[in-house]
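Undergrad: Predicted coordinates and the sequence they were generated for:
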Amino acid sequence: MEAKEYVLDLIQKGRAAQQEFEQFSQEDVDKAVRAIGKIIYDNGEMLAKMAVEETRMGVYEDKIKKNKGKSKAVWNKLKGVKSRGIIEYVEEEGIVKVAKPIGVIGAVSPTTNPTMTPMQNAMIALKGGNAIIVGPHPRAKKTGVETVNLMREALKSVGAPEDLIQIIPEPTVELSGLLMSECDACISTGGPGMVKAAYKSGKPAFGVGAGNVQTLVDTDADIAAVAKKVATSRTYDNGVLCTCEQCVHIPASKHDEMVEELVKQGAYYINKPEDVETLRKGLFPNGVINKDAVGASATFIADLVGLEVPADTRFLLVEIEKSGAEECLAKEKLCPVLAINSYDTWEEAVDKAVTNLKNEGAGHSAVVHSNTKEHVEYAAELLPVSRIGVNMIGSSGLGGGFDNGLNPTATLGCGTWGNNSLSENLWWNHLVNIARIAYVLPDKPIPTDEEIWAE
């Protein structure tokens, strides 16, 4: 079967399943959504083991947390939410909102999250009444297939069409491109190449941008508490998440204290110019991240670049003095390497973070550790990002969780800064069309021209 014929066959099956699913009640739709989330939760350990063995990236225990935690958070926020038919009455405007499925969603997934991303995308797609076809990364195809097979099994158990969720078991660039060009809308959660391909597909697309989470620490922050949060985040799944902290901006007066606390958390501090240069050249040969370092442990990376570190090192902490294009260590590092630099004023800290983001990561996220509202809002107004987490752990918080109001997602839109159509976390309401019934409001007062233009 030719590639296009193969993809069209998948879409036809998905469309038939979606049309059947469109007749389901809200209750039955929710049963299907819950079922696919629960089966991934129940098999979180097995799928985590598969992912680590297949991709050779990340940490088994953290991938368990990711699989189980995200499935819980997504279902917790989806359950009880009206997503079919009439979903809202806006009485004062005479508007009634009606949700209608898009149809068949094509979703390209990354090697870093071969289970969590397809699961979350499937849950929000089905919540809106859609079918979904997953295009896994070739390096994670076995884990992706097992993930989808489990979700299909869950659909069957609740009487929903299995073809609501399908996967391309032997993915290629050609097949992924065809999937995106032939489906009704596509989600591309992966590298810049696939995101660009999604936008060139000719279909509505939801993509992501590069991350480079800047962490700004204020003078009133609890340094020990911040260090623990940053270390937890920077080491989570060996740093492959786009939401992990990348660079800590610390007051000069608190610099030594922060380094001391991070070392207590397992950091190996690198500040000698020759060692910094060794790390710089080894981690970013020719200015591009060393692929062998992605998702690897700190000790592996140290050995890779030619540094000696203790066997119990959790992450590498490197001192930098420059920002933006002048320092590649200020870029996104998909591994447990954290940059740190000092500032004298809050305005300087924000300026350095902005410079780093404009070089890489604009539109994504930042974390601010501060108890001063004015400082938080000053940073929020100037940082070119879509999410500013306050006093949180970036890795687990920016993608949404139980302790904040961000939608739990695997696809973090980066707005026009990141060449994305969304500047928020992808959610079910983005995967439906909203029709609006508009009633005439005969008693609504109409202002005079004078009232309208009055200063």
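TA: The structure has been received and is ready for your questions.
Undergrad: who touches stretch 168-184?
TA: 3-4, 6-8, 10-11, 102-106, 108, 133-138, 141, 145, 186, 188, 194, 197-198, 201-205 (CB atoms under 8 Å, 6 or more residues apart in numbering). Backbone N, C-alpha and C define where each C-beta goes, glycine included.
Undergrad: Are any of those residues buried, and if so which?
TA: 7, 10-11, 102-106, 108, 133-137, 141, 145, 186, 188, 194, 197-198, 201, 203-205 (16 or more other CB atoms under 10 Å).
Undergrad: if we can go back for a sec, which of the contacts of stretch 168-184 fall in helices?
TA: 3-4, 6-8, 10-11, 141, 145, 194, 197-198 (DSSP state H).
Undergrad: averaged over its residues, what pLDDT does the helix or strand containing residue 180 have?
TA: Element membership for residue 180 (DSSP states H and E) is helix 173-182. The average of the pLDDT scores along helix 173-182 is 92.
Undergrad: Would you mind writing the CA trace of that helix as PDB?
TA: Extracted in PDB, the C-alpha atoms of helix 173-182 (Å, rounded to 0.1, in the frame of the first residue of the first chain):
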ATOM      1  CA  VAL A 173       8.900  11.800   7.800                       C
ATOM      2  CA  GLU A 174       6.800  11.200   4.700                       C
ATOM      3  CA  LEU A 175       4.000   9.500   6.700                       C
ATOM      4  CA  SER A 176       4.000  12.200   9.400                       C
ATOM      5  CA  GLY A 177       3.800  14.900   6.700                       C
ATOM      6  CA  LEU A 178       0.900  13.100   5.000                       C
ATOM      7  CA  LEU A 179      -0.900  12.700   8.300                       C
ATOM      8  CA  MET A 180      -0.700  16.400   9.000                       C
ATOM      9  CA  SER A 181      -1.800  17.400   5.500                       C
ATOM     10  CA  GLU A 182      -4.800  14.900   5.300                       C
END
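Undergrad: closest to residue 244 among the ones in helices among the contacts of stretch 168-184?
TA: Using CB to CB, residue 194 is the member of these that lies nearest residue 244, at 20.5 Å.
Undergrad: Just give me the neighbour total for residue 46.
TA: Applying other CB atoms under 10 Å, we find 15 residues neighbouring residue 46.
Undergrad: got the CA positions of the strand or helix carrying it in PDB?
TA: Residue 46 belongs to helix 44-55 when assigned by DSSP H and E. The C-alpha trace of helix 44-55 is given here as PDB (Å, rounded to 0.1, in the frame of the first residue of the first chain):
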ATOM      1  CA  GLY A  44       2.500   3.800  34.200                       C
ATOM      2  CA  GLU A  45       5.400   1.700  35.400                       C
ATOM      3  CA  MET A  46       5.500  -0.700  32.500                       C
ATOM      4  CA  LEU A  47       5.300   2.200  29.900                       C
ATOM      5  CA  ALA A  48       8.000   4.100  31.800                       C
ATOM      6  CA  LYS A  49      10.300   1.200  31.600                       C
ATOM      7  CA  MET A  50       9.600   0.700  27.900                       C
ATOM      8  CA  ALA A  51      10.400   4.400  27.200                       C
ATOM      9  CA  VAL A  52      13.700   4.500  29.100                       C
ATOM     10  CA  GLU A  53      14.900   1.200  27.400                       C
ATOM     11  CA  GLU A  54      13.800   2.200  24.000                       C
ATOM     12  CA  THR A  55      14.800   5.900  23.900                       C
END
